[in-house]
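Take a look and give me a structure for this.
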Amino acid sequence: MHSVLGLLSLHTYSILFGWVLIEQGGLPIPSVPLMLAAGTMSAAHKLHLAYAIPIILLACLISDSAWYFLGKKFGGRVLNVLCRFSLEAATCVERTHGTVGKRGAFTLIFAKFVPGLSTVAAPIAGQLGIPYSTFVLYDMAGSLLWCGAWLLAGRFFGDIAERSAHFFALLGHFGIALVLLMVVVLVVYRLIKRRQFLAELRGLRLEPAQLMAMIADAERAGLDRPFIVDLRHPLDVMTDPLVLPGALRIGPDELKQRREIIPTDRDIVLYCTCPSEETSAKVALELHRLGIKRVRPLRGGLQGWKDAGYPVDQAVFA
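Residues are numbered from 1 along each chain as shown. Have a look, this model is predicted:
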């Protein structure tokens, strides 16, 4: 069928439901263009927002509830999976832990508007033990705000476009192509951002074997070991109570605020929860910009170190 009007009139609600369910399930396929298109087509009375909104909310509820219970049961392992497949270079599990930890369930009100935060907010809410009834209340309020904003934005554009019958006809005829183009542009934009992030990181990462060699060389020479910092959130340490030998557990914000604890006479090695070392890489880059040059993220984080078969210590809880 050549027009988006025809497609939406036949399959509107199933498309909306499936697309949002897949996106909220973790695949990086943005649903915003589709919601804008649905809102625009509601101006032609081919779609009813009163039906579309509950359908979207149901999709969000199913996906977010699944992530909530997975996060509650498996904790950091679920976050590792999400972190591995995220296209957002800005995704930061540690930052989201802090945000949800400070603001609690209120974070869910705006979570879907923030790239990265929208991906991990639900499992972190489960990991933090927020009651499910509270989670559903705030998650549905945030989902309603999120989908309502984009649907109404599309409706506003549709009301304006409808004033010109010729323009509205063109919009309907090429609507599918426009929606797909918007999706492709958003995905490509995220990929470019990630490539830029990885390019900036190139040459900075430290391999587990390199760190092990640095530790062995320091011990043979009677010198101080590299200053190793565990950036993981306390909840992640509780679910995986292992640390690199001699590692000091310090949060990312605390490390940046307390620069005096960072030695200047030896290498600083950072590691975090994410297997793609997003948090440690970002902190390392920020410290580089602050003039601390001998700092590097550990490739693969704690999991990469363990996978290489190197020794670990038991975490000490205060």
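
Check the model's average confidence along the one helix or strand Leu181 maps to for me.
Assessed by DSSP states H and E, Leu181 sits inside helix 175-201. Helix 175-201 carries an average pLDDT of 69.

next one: stretch 262-280
77.

end-to-end on it?
Length of stretch 262-280, first residue to last, C-alpha to C-alpha, to the nearest Å: 15 Å.

where in the stretch 201-318 of the chain is pLDDT low?
Counting by pLDDT under 70, the stretch 201-318 of the chain shows low-confidence ranges at 201-203, 235, 239, 274-278, 316-318.

got a list of what Pro234 touches?
Shown in contact with Pro234 (C-beta atoms under 8 Å, 6 or more residues apart in numbering): Arg249. To be clear about C-beta, it is placed using only N, CA and C from the backbone, and glycine gets the same treatment.

That one and Gly75: what is the separation?
12 Å (C-beta to C-beta, to the nearest Å).

Let me see the ranges of the strands in the protein.
Using DSSP state E, the strands of the chain run over residues 227-230, 242-243, 248-249, 268-271, 295-297, 313-314.

Sketch out the low-pLDDT regions of the stretch 51-200 of the chain for me.
Across the stretch 51-200 of the chain, the ranges flagged by pLDDT under 70 are 76, 80-81, 83-104, 116, 161-177, 179, 194, 196-200.

residue ranges of the helices in it, please?
76-85, 93-103, 107-110, 117-127, 132-161, 165-173, 175-201 (DSSP state H, counting those that start in this stretch).

so what pLDDT did Glu23 get?
In this model, Glu23 carries a pLDDT of 87.

a markdown table please, covering the strands of the chain and showing distance to Ser133 and mean neighbour count.
Listed next are the strands of the chain as a markdown table, based on distance: least, C-beta to C-beta, whole Å; neighbours: other C-beta atoms under 10 Å:
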| stretch | distance to Ser133 | mean neighbour count |
| --- | --- | --- |
| strand 227-230 | 34 | 22 |
| strand 242-243 | 34 | 18 |
| strand 248-249 | 33 | 14 |
| strand 268-271 | 36 | 25 |
| strand 295-297 | 39 | 25 |
| strand 313-314 | 36 | 10 |
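
and those as TSV, adding distance to Ala59?
Listed next are these as TSV, based on distance: least, C-beta to C-beta, whole Å:
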stretch	distance to Ala59
strand 227-230	37
strand 242-243	38
strand 248-249	38
strand 268-271	36
strand 295-297	36
strand 313-314	43
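
how close does the spatially closest residue to Arg205 that is not a sequence neighbour get to Leu206?
Leaving aside its chain neighbours, Arg205 sits nearest to Arg299 (4.5 Å; criterion: C-beta to C-beta, 6 or more residues apart in numbering). Going from Arg299 to Leu206 by C-beta to C-beta gives 7 Å.

before we move on, what about Phe157?
For Phe157, the distance to Leu206 equals 49 Å [C-beta to C-beta].

again, but for Gly246
Gly246 is 15 Å from Leu206, where distance means C-beta to C-beta.

Between the two, which is the more surrounded one?
Leu206 (21 against 12; other C-beta atoms under 10 Å).

and the gap between the closest residue to the more buried one other than its chain neighbours and Arg220?
Of all residues not flanking Leu206 in the chain, Arg296 sits nearest, at 4.2 Å (C-beta to C-beta, 6+ apart). For Arg296, the distance to Arg220 equals 21 Å [C-beta to C-beta].
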